[in-house]
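S.K.: Predicted structure and sequence below. I'll ask about it afterward.
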Amino acid sequence: MTATKTTKTKTWKFKTLLAASAGACLFALQSPAIAQAAWPDKPITMVVPYSAGGPTDVVARMLAIPMGKSLGQTVIVENTVGAGGTIAPTRVARAAPNGYTILIHHMGMATAPALYKKLNYDPLKDFEYIGQVLDVPMTLLSRKDFPANNYQELLAYVKANKDKVTLANAGVGAVSQLCGLLFMNQIGVQLTTVPYKGAGPALNDLMGGQVDLLCDQTTQTAPVIKDGNRVKVFGVTTPQRLSSMPNIPTLDEQGLKGFDVRVWHGMYAPKGTPPAVIEKLNVALRAALQDDMVKHRLAELSSEIVPLDKQTPESLRTHLAAEVAKWGKVIRAAGVQAD
């Protein structure tokens, strides 16, 4: 009798242990789905590759609040500056793929592979894609007391003075550097370039008279151009004039034929971020781009929100691949290297 009881007891314990193990396994299998369903349950960090006050930072802070409302959590904008905007993507590529660290970056994401001999991330392999954001035109500016008053006078002055003229940019690898390089290439003049740690400091020194010229995004330059007293503007970098500043001619119409530089932005997450999380981030991004305040502010800055069919992960993936190929050819042909 005792032996029978002992056997029954052992059998009961074994079944209990087996059931517990099965339950644990089932929970382990279900827990990622449960975690994704509950996501997000803490603040999200949006990493910006450039300094506070710069064009990409302006866009990030504009989107952070409405995205946070949509997600039900705070979206914290964090500037991770350095190495021509490549430190931030490296950080995000190495972050945990849980959706709590995301990246907003401009076309520098596409130019970096050609500009840098050694890059610690692959834009086409190390990220998940959330969606395209907006396109931003650029403007060619000078300090207020620069001798030239229009584009033709500017062209004559820089050709006469060449490397005595200083051309600021937001740092090695930044879009403002690329715009400046293309400008110098097309006019056939080498100016003295002055790199800064971000577009904000570069514009501040331009307005302060420390440098002569700067090519930068309208998200940064539109307010000071409209002010009318702090800089001179010689043209916009798109083939068509801007509806928000129709009196400013394009560089193309003034003789710099084919000059077309517009800055596109995209949003990314680390490779392996769950599809359900990417979908929630995409929904939040699209909601933010439909926010009335965001649309009004971007219009003031002469920036264009991309159409709905481009605000998708697949569209960003396709666009990035095409831009990597396009700018790779241009940069290699120009012999430009950032390191």
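M.R.: Great, that's in hand.
S.K.: low-confidence ranges in the stretch 151-300 of the chain?
M.R.: Scanning the stretch 151-300 of the chain for pLDDT under 70 picks out nothing.
S.K.: All the helices of it, residue numbers only.
M.R.: Using DSSP state H, counting those that start in this stretch, the helices of the stretch 151-300 of the chain run over 151-161, 175-187, 199-207, 218-227, 275-289, 292-300.
S.K.: Report the angle between the fourth one and helix 175-187.
M.R.: So the one you mean is helix 218-227. Calculated by axes from the mean of the first three to the mean of the last three C-alpha atoms, to 10 degrees, helix 218-227 forms an angle of 70 degrees with helix 175-187.
S.K.: Can you pull out the residues in contact with helix 218-227?
M.R.: For helix 218-227, the external contacting residues (C-beta atoms under 8 Å, 6 or more residues apart in numbering) are 54-56, 58-59, 136-139, 141, 199-200, 203, 207, 230-231, 233, 236, 242, 244-245, 248, 298, 300-303. The C-beta positions use only the backbone N, C-alpha and C, and glycine is treated the same way.
S.K.: try 6 Å this time
M.R.: By C-beta atoms under 6 Å, 6 or more residues apart in numbering, the surrounding residues in contact with helix 218-227 are 55, 58, 136-137, 139, 199, 203, 230-231, 233, 301-303.
S.K.: about what we covered before: mean neighbour count for the helices of the stretch 151-300 of the chain - can I get that in a markdown table?
M.R.: As requested, the helices of the stretch 151-300 of the chain are exported to a markdown table (neighbours: other C-beta atoms under 10 Å):
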| stretch | mean neighbour count |
| --- | --- |
| helix 151-161 | 15 |
| helix 175-187 | 21 |
| helix 199-207 | 22 |
| helix 218-227 | 20 |
| helix 275-289 | 19 |
| helix 292-300 | 14 |
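S.K.: Would you tell me which of those gets closest to residue 99?
M.R.: helix 275-289 (3.8 Å; C-beta to C-beta).
S.K.: Which elements pack onto that closest one?
M.R.: Judged by 3 or more C-beta pairs under 6 Å, 6 or more residues apart in numbering; DSSP states H and E, helix 275-289 is in contact with helix 55-71, strand 127-143.
S.K.: Of the ones you listed, which is nearest residue 293?
M.R.: helix 55-71 (7.7 Å).
S.K.: what's the angle from the closest one to helix 175-187?
M.R.: Using the same axes, to 10 degrees: helix 55-71 against helix 175-187 is 140 degrees.
S.K.: For helix 55-71, what is the distance to the chain centroid?
M.R.: In terms of C-alpha atoms, centre = their mean, to the nearest Å, the centre of helix 55-71 is set 12 Å apart from its chain centre.
S.K.: ok, now stretch 190-206?
M.R.: Remark: stretch 190-206 is offset 19 Å from the chain centroid, using C-alpha atoms, centre = their mean.
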